[in-house]
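>>> Compute the structure for the input listed below.
(one chain, ligands or ions: 1)
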Amino acid sequence: MSINMVSSVPWTKSFFPLWFWNKTRVLLTHHYRYHHRHSPLSDTDMTEEGVVVSLQEWQGWGTTSPLPTMVSQIVEDLKVLEEDLDAHMNFGGNGGKLQVSEGNFRVQEDKKHRATYQALGDSEKKLQFYSARQIACRILGSRGYLCQKCWLPMEDCMCSKVTSCSLYPGIRFWLYMHPKDFLRQNNTGKILWQVFGVDAATLCLFGIPEHEEIMWNSLKMAGKSNVWCLYPNKNAVLKSVQNVFGEESVARDEVAPSKQLKVDTTQHFILIDGTWSNSAAMFRRLQDKAKSVWGDEDLSCISLNPGASAMHKLRPQPSWDRTCTAAAAAGLLSELQLLPQFSSVELEKQAEAVEHALTVLLDALTNRRLRMGRSITRKMRHTNIQ
Ligand SMILES: [Zn+2]
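Residues are numbered from 1 along each chain as shown. Next up, the predicted model:
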């Protein structure tokens, strides 16, 4: 979930300034020529002309996974098309959308990818293609323009101001991110692995099989009782942090205090990181997979206490709340901190590290906007990148 008020998962009502929703209108004219970088990490990404997207470049954006096969294929296809047409690809700097100005290439690419999409038989294949194409275009459009760590334009890089912090090892976050949120400047999910590292807060891109497989393998190992989705499921009874961990821990302590030491009880929290309209489909996909793995039962959903804002300590404006992904994670840590079994692992400090990084992001985005002569208060019309 990015910073905005239009498309938030309604953990609580939102206070975000609308202007964050607006896409930065920076045109990136990217003369798309291939760097002859040879990565020692992988041979599979090599072409006769050099590396299209190296493993190193791919992982630099915040993941430890291999380069997804279909993303790699689409990048190759784009390159072939570019050579055939003797044209240059031109991507929008924010969103990786091919720009209208590149008339012929855009038209041809559009035709081609629509034809490919239509020819795909089932909806699963279509989703995978859609996601991979989004990712491929975003990578090509952001290369050399965005800082790989904070996803801000290099001149606005906020990395030096972010303080990293170790997440309590009994907790692991999964950022289940929609491809349209990938490499978005105002995305906040990225903050979690900036602060906690990619092993504690792991990116899982929706519709990218390599990513989903890694996450689900981990969740299967953890077992259903240790997996939670931070998403309000309207059709299920929502459990609060207190309901779930308060009662559970008492029961566990009474029954088998010694057993607890041997069993890995790491709690896995899936955070859905997409716009409000995309989140429903993402949640459904998680539920379907959970059913196929664990049988009929729904994936357990957990809700935050709407009354207890984790952000109450922060200055009144602009105020953060839990409608953005990173703030939701901070809120969760703050609520867990209140429970006896988590009281001694400094979750409050970890929540504060996230809140601090959020403040840094907000400042960076605000400064950028001011520097570019844009208002930070006027309301912008919601326009979806397609
Ligand atoms: Zn940076």
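
>>> Could you check how far the spatially closest residue to residue 113 that is not a sequence neighbour is from the ion?
Ranked by C-beta to C-beta, 6 or more residues apart in numbering and with sequence neighbours excluded, the top spatial neighbour of residue 113 is residue 133, at 6.0 Å. C-beta coordinates here come from the backbone N, C-alpha and C atoms, glycine included. Between residue 133 and the ion the computed distance is 26 Å (C-beta to the ion, to the nearest Å).

>>> Would you report the backbone torsion angles of residue 133?
Here is the backbone geometry of residue 133 (degrees, to the nearest 10): phi -70, psi -40.

>>> What is the neighbour count of it?
A count of nearby residues for residue 133, using other C-beta atoms under 10 Å, gives 23.

>>> That one contacts residue 72, doesn't it?
No. In this structure, residue 133 is not within contact of residue 72 by C-beta atoms under 8 Å, at 12.0 Å.

>>> just the strands in the chain please.
Ranges of strands in the chain, per DSSP state E, are 46-47, 50-51, 171-177, 201-205, 227-230, 239-240, 267-273, 302-303.

>>> pLDDT averaged over the first one - what is it?
Here the mean pLDDT over strand 46-47 is 42, rounded to a whole number.

>>> list the contacts for residue 208?
Going by C-beta atoms under 8 Å, 6 or more residues apart in numbering, residue 208 touches 68, 70, 71, 128, 131, 132, 135, 179.

>>> quick one: it from residue 332, how far?
From residue 208 over to residue 332 the distance is 25 Å, taken as C-beta to C-beta, to the nearest Å.

>>> coming back round to it: distance of the residue nearest to residue 113 relative to residue 104?
Computed as C-beta to C-beta, the residue 133 to residue 104 distance reads 19 Å.

>>> Residue 289 contacts residue 215, correct?
No. With contact defined as C-beta under 8 Å, residue 289 does not reach residue 215; the gap is 9.3 Å.

>>> For burial, what's the neighbour tally of residue 225?
11.

>>> pLDDT score for it?
For residue 225, the model assigns a pLDDT of 93.

>>> near the ion, which residues of the stretch 151-300 of the chain?
157, 159 (C-beta under 5 Å from the ion).

>>> Tell me where the stretch 151-300 of the chain is predicted with low confidence.
Residues of the stretch 151-300 of the chain that meet the criterion pLDDT under 70 lie in 232-238, 247-262.

>>> tell me the helices in it, going along the chain?
Assigned by DSSP state H, counting those that start in this stretch, the stretch 151-300 of the chain shows helices spanning 189-196, 209-222, 241, 247-255, 259-262, 276-294.

>>> With only the CA atoms kept, save the longest one in PDB.
Written as PDB, here are the backbone C-alpha positions of helix 276-294 (Å, rounded to 0.1, in the frame of the first residue of the first chain):
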ATOM      1  CA  TRP A 276      -7.600  -1.000  -2.500                       C
ATOM      2  CA  SER A 277      -9.100  -2.100  -5.800                       C
ATOM      3  CA  ASN A 278      -6.300  -4.600  -6.400                       C
ATOM      4  CA  SER A 279      -6.200  -5.900  -2.800                       C
ATOM      5  CA  ALA A 280      -9.400  -7.900  -3.100                       C
ATOM      6  CA  ALA A 281      -8.000 -10.000  -5.900                       C
ATOM      7  CA  MET A 282      -4.800 -10.400  -4.100                       C
ATOM      8  CA  PHE A 283      -6.600 -11.600  -1.000                       C
ATOM      9  CA  ARG A 284      -8.700 -14.100  -3.000                       C
ATOM     10  CA  ARG A 285      -5.500 -15.500  -4.500                       C
ATOM     11  CA  LEU A 286      -4.000 -16.000  -1.000                       C
ATOM     12  CA  GLN A 287      -7.200 -17.600   0.200                       C
ATOM     13  CA  ASP A 288      -7.400 -20.000  -2.800                       C
ATOM     14  CA  LYS A 289      -3.800 -21.000  -2.300                       C
ATOM     15  CA  ALA A 290      -4.400 -21.500   1.500                       C
ATOM     16  CA  LYS A 291      -7.300 -23.800   0.800                       C
ATOM     17  CA  SER A 292      -5.300 -25.800  -1.700                       C
ATOM     18  CA  VAL A 293      -2.500 -26.200   0.900                       C
ATOM     19  CA  TRP A 294      -4.400 -26.600   4.200                       C
END
